[in-house]
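Peer 1: This is the structure alone, sequence omitted:
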């Protein structure tokens, strides 16, 4: 069988940078705007064209992109609690009480990848990056990995 396409391989030598943000949230459920930190890391990387991956590194937290509007944050919390009540019975809650936090993370998403253009995050008009913690009040880390040229 003959292929109907061809593969063209190009190699670019990319730079990369890795940093970690460390959090110890004040509340069990908390949304923290980390846009300023991500911008600082992107700018310090020297990468002009590329991608930044932001990964929460914990299975009870998420990183999301949305508007920085407190009514929206309250809506997120209210809807998550309505869909998956935090204090309900979950099979996972053996020695822990964070079964809902694991499920909330799946609803909100895991990690994000954002474009870098001309050395800056390439956002839409209202986009901001949030760390969303669902089982907090203990130390957590966020991986920031940048690749590009």
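Peer 2: Arrived safely, thanks for sending. The model shown is predicted, which means the values in this text are computed figures rather than measured ones.
Peer 1: mind listing the strands for the protein?
Peer 2: 15-24, 30-33, 49-55, 61-66, 112-117, 120-121, 128-133, 139-148 (DSSP state E).
Peer 1: And the residue nearest the centre of the chain, how close does it get to residue 53?
Peer 2: The centre of the chain sits closest to residue 63, judged by CA atoms, centre = their mean, with a distance of 2.1 Å. The spacing between residue 63 and residue 53, counted by CB to CB, to the nearest Å, is 9 Å. For the C-beta atoms, the positions are set from N, CA and C on the backbone; glycine is no exception.
Peer 1: so what sits against both of these two?
Peer 2: By CB atoms under 8 Å, 6 or more residues apart in numbering, residue 63 and residue 53 have these common neighbours: 111-112.
Peer 1: Compare the strands of the chain and report which one is nearest to residue 80.
Peer 2: Closest to residue 80 of the strands of the chain is strand 128-133 (CB to CB; 9.5 Å).
Peer 1: which residues touch that closest one?
Peer 2: The set of residues external to strand 128-133 that reach it, using CB under 8 Å, 6+ apart, is 21, 23, 25, 27-35, 38, 54, 56, 60-68, 76, 105, 108, 112, 114, 140, 142.
Peer 1: need the contact list for the closest residue to residue 134 other than its chain neighbours.
Peer 2: Nearest non-adjacent residue to residue 134, counting by CB to CB, 6 or more residues apart in numbering: residue 101, 3.7 Å away. When contacts are counted by CB under 8 Å, 6+ apart, residue 101 is found next to 60-61, 86, 134-135.
Peer 1: With neighbour count, pLDDT and distance to residue 118 added, can I get those in TSV?
Peer 2: Listed next are the contacts of residue 101 as TSV, based on neighbours: other CB atoms under 10 Å; pLDDT from 0 to 100; distance: CB to CB, whole Å:
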residue	neighbour count	pLDDT	distance to residue 118
60	22	96	36
61	25	97	31
86	19	93	43
134	28	97	35
135	23	96	38
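Peer 1: Now for these: which two are most distant?
Peer 2: Maximum pairwise distance in those, criterion CB to CB, is 14.5 Å, between 61 and 86.
Peer 1: Show me the contact partners of the top helix by length along the chain.
Peer 2: Using DSSP state H, we find that the single longest helix of the chain is helix 70-83. If you take CB under 8 Å, 6+ apart as the criterion, helix 70-83 is touched by 29, 31, 66, 100, 104, 107-108, 132, 134.
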